[in-house]
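Enquirer: Mind folding the following:
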Amino acid sequence: MVTIVELRFPASETLFAGAVEREPSIEMEVERVVQATGLPIRVRGAPKRGVEAALDATAGVEGYDLISEDTQEWLYSVRFEGSRPKELARIVETGGTVLSAALSEGTWSVRLRYTRHTDVERTVERLGENGLDIDVRSIRSVSEEDIPTVGLTPEQYEALELAVEHGYFEIPRGISLEELSEHLDISHQSLSERLRRAQKGLLHTNLTRADADSQKAF
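Expert: Here you go, the predicted structure:
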């Protein structure tokens, strides 16, 4: 059973309080792929000079690098003291996976994923202990029957989904096999075997489907 949780809390109570105070219209979105050298954050809603001044005003930011830019938004790799903002650190420490995190109109909206429902309460408690006024918008349990496994076991699908979310297949990798195995509470050897079987299952399903489609063409 997988639990999906949506939370909201004021940015004024987070490390980004200074950024929002300096640029009230600023919007941020944390990219789902976690990079080893920093947290990728897409920023819009303010001029580039104002955006970088806002990042400079963010407590705990050690530095940042511009990855890409458009006329109205910029993607930065932001380095924090302790590798990530303390709010995200509390979520990861209590067993949660951040599916999305976005700042708009002075409020953070965060979507989380848990494999154990009991960890949801732990996360809310830990964030509350850090002075955050948490607004739990929704808690939704997803059964194994609701997960489109495309020929995979639920465990294989879960492992593959987490690997993609955390950038395991990126170059360079955003997370190690050992770190990823901690999210699933299994050994890294078991996770490695589960991922191999999941990839084999996907290849078999898609190759079989492609072969069937090619035969229909004749």
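Enquirer: any chance you could map the strands in the protein?
Expert: 2-10, 27-30, 39-44, 61-69, 73-80, 97-104, 107-114, 135-142 (DSSP state E).
Enquirer: pLDDT below threshold where in the chain?
Expert: 1, 32-37, 82-84, 142-151, 154, 204-218 (pLDDT under 70).
Enquirer: can I see the domain layout of this protein?
Expert: Domain segmentation of the chain under automatic domain parsing yields 2-142, 145-217.
Enquirer: got the ones you listed as CSV, with mean neighbour count columns?
Expert: Any C-beta I mention is one placed from the backbone N, CA and C, and that applies to glycine too. Formatted as CSV, those follow (neighbours: other Cβ atoms under 10 Å):
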stretch, mean neighbour count
domain 2-142, 17
domain 145-217, 15
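Enquirer: now what about stretch 71-80, what contacts it?
Expert: 15, 31, 35, 37-44, 48, 51, 55, 60-69 (Cβ atoms under 8 Å, 6 or more residues apart in numbering).
Enquirer: Would you agree Arg42 is in contact with Val51?
Expert: No - counting by Cβ atoms under 8 Å, Arg42 does not reach Val51; the two are 10.6 Å apart.
Enquirer: I'd like to know which of the strands of the chain lies nearest to Leu127.
Expert: With distances scored as Cβ to Cβ, the stretch of the strands of the chain nearest to Leu127 is strand 2-10 (7.2 Å).
Enquirer: Figure out how far the closest one is from the centre of its chain.
Expert: With Cα atoms, centre = their mean, to the nearest Å as the basis, strand 2-10 stands 12 Å off its chain's centre.
Enquirer: name the helices or strands packed onto it?
Expert: For strand 2-10, the packing partners by 3 or more Cβ pairs under 8 Å, 6 or more residues apart in numbering; DSSP states H and E come out as strand 107-114, helix 118-129, strand 135-142.
Enquirer: redo that, cut-off 6 Å
Expert: When contacts are defined as 3 or more Cβ pairs under 6 Å, 6 or more residues apart in numbering; DSSP states H and E, strand 2-10 packs onto strand 107-114, strand 135-142.
Enquirer: CA-only coordinates of the first one in PDB, if you can.
Expert: When you say that, I think you mean strand 107-114. In PDB, the C-alpha atoms belonging to strand 107-114 read as follows (Å, rounded to 0.1, in the frame of the first residue of the first chain):
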ATOM      1  CA  THR A 107       3.100  29.200   0.200                       C
ATOM      2  CA  TRP A 108       4.900  25.800  -0.400                       C
ATOM      3  CA  SER A 109       2.800  23.000  -1.800                       C
ATOM      4  CA  VAL A 110       4.500  19.700  -1.400                       C
ATOM      5  CA  ARG A 111       3.400  16.200  -2.600                       C
ATOM      6  CA  LEU A 112       4.900  13.300  -0.800                       C
ATOM      7  CA  ARG A 113       4.900   9.500  -1.200                       C
ATOM      8  CA  TYR A 114       5.200   6.900   1.700                       C
END
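Enquirer: what lines up beside it in the sheet?
Expert: According to DSSP bridges, strand 107-114 forms sheet pairs with strand 2-10 (antiparallel), strand 97-104 (antiparallel).
Enquirer: Just the residues contacting it, thanks.
Expert: Contact with strand 107-114 is made by 3-11, 96-97, 99-102, 120, as judged by Cβ atoms under 6 Å, 6 or more residues apart in numbering.
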